[in-house]
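Participant: Can you look at this prediction? I've put the sequence above it.
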Amino acid sequence: MLLLISPINHEEALESIKGGADIVDVKNPKEGSLGANFPWVIKEIRELTPEDKLVSATLGDVPYKPGTVSLAAMGAHVSGADYIKVGLYGTKNYDEAVEVMKNVSKTVKDVSPDTIVVAAGYADAHRVGAVDPMEIPKVARDANCDLAMLDTAVKDGHTLFDYLDIDKLTEFVEEAHSYNLKTALAGSVKKDQLKPLHDIGCDVVGIRGAACVGGDRNTGKIHHTAVAELKELCDSF
Ligand SMILES: O=C[C@H](O)COP(=O)(O)O
């Protein structure tokens, strides 16, 4: 299981790399769970990250505006992102989510077929009126994405497991795998939740809070020792 860590700036990206993160995921939590950072921050982090390590960028908790989101995807691509995550926040159902993701995939894959496109839903979608998380594997399949992902929309201490039990998460992973998609799971994931995620076959675990000093994704800063501990655990299973 690969470890994706979400830094907000140059300094945190260096800590993530030093700690051994497999994927450096540029994010801006001030703008939400999958808040987008600025093009120059993505570019700077791509430049400081070793070439063989993937740099991911989140496009935001996006609205149901396929054109706007497609232009954001092009922005992430030209800034150097190898892995583009779209938080399907404003899309209320499967049809809207597929429409957004199809256009993002077309935008990105027309110019860069190897760039990885991630359809990200929310385990607590019912709290914000977003598309049902269990529809995400089908959305990703039908929109030519590479990964189906879940995170949480509201970062109030609840974790992924508060909304979806292990049976549901297993169903999510198995369905995505049956479509030849990889999976990423996130949502205030704690150290002791890594093994269950590994055991159900999750391909990528996404973490910010547990990699920060004090475990707080907003007030804390990513520290390489916390990242290294998570990485060691991921590699131990
Ligand atoms: O992509 C994953 C997120 O950055 C997860 O952040 P979190 O662990 O603070 O919920």
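Facilitator: Arrived safely, thanks for sending. Numbering: from 1, shown residues only.

Participant: Quick check: the gap between the closest residue to Y89 other than its chain neighbours and I8.
Facilitator: Excluding its sequence neighbours, the residue lying closest to Y89 (C-beta to C-beta, 6 or more residues apart in numbering) is D61, at 3.7 Å. Bear in mind the C-beta positions are built from the backbone N, C-alpha and C, glycine included. As judged by C-beta to C-beta, to the nearest Å, D61 and I8 stand 16 Å apart.

Participant: now P66
Facilitator: With distances defined as C-beta to C-beta, the gap from P66 to I8 amounts to 27 Å.

Participant: In this structure, mark out all the strands, start to finish.
Facilitator: Under the criterion DSSP state E, the chain carries strands at the ranges 2-5, 23-26, 54-62, 83-88, 116-122, 147-151, 182-186, 204-207.

Participant: Just confirm N218 contacts K27, I think it does.
Facilitator: No. Shown here, N218 and K27 do not form a contact pair, counting by C-beta atoms under 8 Å, at 11.7 Å.

Participant: Pick out whichever of those two has more residues nearby.
Facilitator: In this view N218 and K27 are compared by other C-beta atoms under 10 Å, and K27 has more residues nearby, 26 against 11.

Participant: shouldn't that one be in contact with R208?
Facilitator: Yes. With the criterion set as C-beta under 8 Å, K27 and R208 qualify as a contacting pair; they are 6.9 Å apart.

Participant: Quick check: buried residues in the biggest helix by length in the chain?
Facilitator: Determined from DSSP state H, the single longest helix within the chain is helix 94-111. Judged by neighbour count (16 or more other C-beta atoms under 10 Å), helix 94-111 contains these buried residues: 96-109.

Participant: Tell me the one among these nearest to M149.
Facilitator: Minimum distance to M149 across the buried residues of helix 94-111 is 11.4 Å, recorded for M101 (C-beta to C-beta).

Participant: G129 contacts K92, doesn't it?
Facilitator: Yes. The pair formed by G129 and K92 meets the contact definition of C-beta under 8 Å, at 6.0 Å.

Participant: The ligand contacts on the chain?
Facilitator: By C-beta under 6 Å from any ligand atom, the part of the chain that sits against the ligand consists of 4, 6, 25, 27, 151, 155, 186-189, 206-210, 217.

Participant: Most neighbours among the residues you listed, which one?
Facilitator: Neighbour counts for the residues of the chain next to the ligand were taken using other C-beta under 10 Å; the highest belongs to S6, which has 31 neighbours.

Participant: Wait, that residue touches V205, no?
Facilitator: No. Under the criterion of C-beta under 8 Å, S6 lies out of contact with V205, with a separation of 11.4 Å.

Participant: any common contacting residues for those two?
Facilitator: Jointly contacting S6 and V205 under the rule C-beta atoms under 8 Å, 6 or more residues apart in numbering is no residue at all.

Participant: residues in contact with L2?
Facilitator: Applying C-beta under 8 Å, 6+ apart, the residues near L2 are 22-23, 203-205, 234.

Participant: what do you get for I17?
Facilitator: For I17, the residues meeting the contact criterion (C-beta under 8 Å, 6+ apart) are 24, 48-50, 53.
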